[in-house]
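Novice: build the 3D model from these lines:
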Amino acid sequence: NRHEMEDLHEATGAMPELNQIQFHPWIEQEWREVVRWQQKNGIATTAYTSLGGARFRRPRKNRGQKDGTTTSVSILPPSAEGATEGGAPVTEAQVLLRWALRQGVAVIPGATSEAHILENLRVPPMLDRTDAYFEELERREAPAGWFDSKRGPNKFSGEAANAAWGGKR
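Specialist: Numbering: from 1, shown residues only. Here you go, the predicted structure:
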């Protein structure tokens with residue numbers, strides 16, 4: 001968090017080159033402010049758990065359904081229904097990657113196959129997407145099952161963005 005980096009600078013005279021934090025459309029405002037502060041101070045930001053992790057991507061059995069049917073959760077705003085300029089389909093992961101990249105945040109997504117790696121590398125420019133599209137994504141409620149208090153993507157509250165280093169501030 002910001003105070004930890006300021007304490008590090010005070011103790012060593014150096015700022016970190018990079019800070020890795022949880023970063024996704026539903027992160028609390030305080031973490032967005034940390035990213036802006038880092039950018040102003042020349043500190044790169046790398047996102048983790050920005051795509052929700054494998055536990056979010058797996059189809060889930062419908063709760064209460066005895067027929068064993070599965071459902072997938074869509075995070076895309078209705079205006080996405082999956083097309084880029086020119087009509088090519090777009091995946092949820094590609095939308096989330098583009099969202100972070102538009103904000104100057106690097107993302108290193110995990111992948112389970114070569115095809116998945118190639119899909120992540122082919123994030124469409126989505127030139128037809130406006131700021132309003134991505135703002136709509138941020139306003140949407142996080143999908144059920146997105147947050148995992150043990151690993152993220154909401155492991156730390158907004159208060160943690162400004163918390164003291166080791167409780168010393």
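Novice: next secondary structure after the worst-scoring helix or strand of the chain on mean pLDDT?
Specialist: Ranked by mean pLDDT, DSSP states H and E, the weakest helix or strand in the chain is strand 70-71, scoring a mean of 40. Next along the chain after strand 70-71, taking DSSP states H and E as the criterion, comes helix 92-102.
Novice: average pLDDT for that next one?
Specialist: For helix 92-102, mean pLDDT is 86.
Novice: other SSEs contacting that helix?
Specialist: Judged by 3 or more CB pairs under 8 Å, 6 or more residues apart in numbering; DSSP states H and E, helix 92-102 is in contact with strand 106-107, helix 114-121, helix 131-139. From N, CA and C alone the C-beta is placed, and that goes for glycine too.
Novice: reformat those as a markdown table; add mean neighbour count, mean pLDDT and distance to Ile21.
Specialist: Below are the helices and strands packed on helix 92-102 laid out as a markdown table (neighbours: other CB atoms under 10 Å; pLDDT from 0 to 100; distance: least, CB to CB, whole Å):
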| stretch | mean neighbour count | mean pLDDT | distance to Ile21 |
| --- | --- | --- | --- |
| strand 106-107 | 18 | 92 | 11 |
| helix 114-121 | 12 | 85 | 20 |
| helix 131-139 | 14 | 84 | 17 |
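Novice: please produce JSON lines containing the ones you listed, extended by distance to Pro16.
Specialist: What follows is the helices and strands packed on helix 92-102, written out as JSON lines (distance: least, CB to CB, whole Å):
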{"stretch": "strand 106-107", "distance to Pro16": "14"}
{"stretch": "helix 114-121", "distance to Pro16": "26"}
{"stretch": "helix 131-139", "distance to Pro16": "27"}
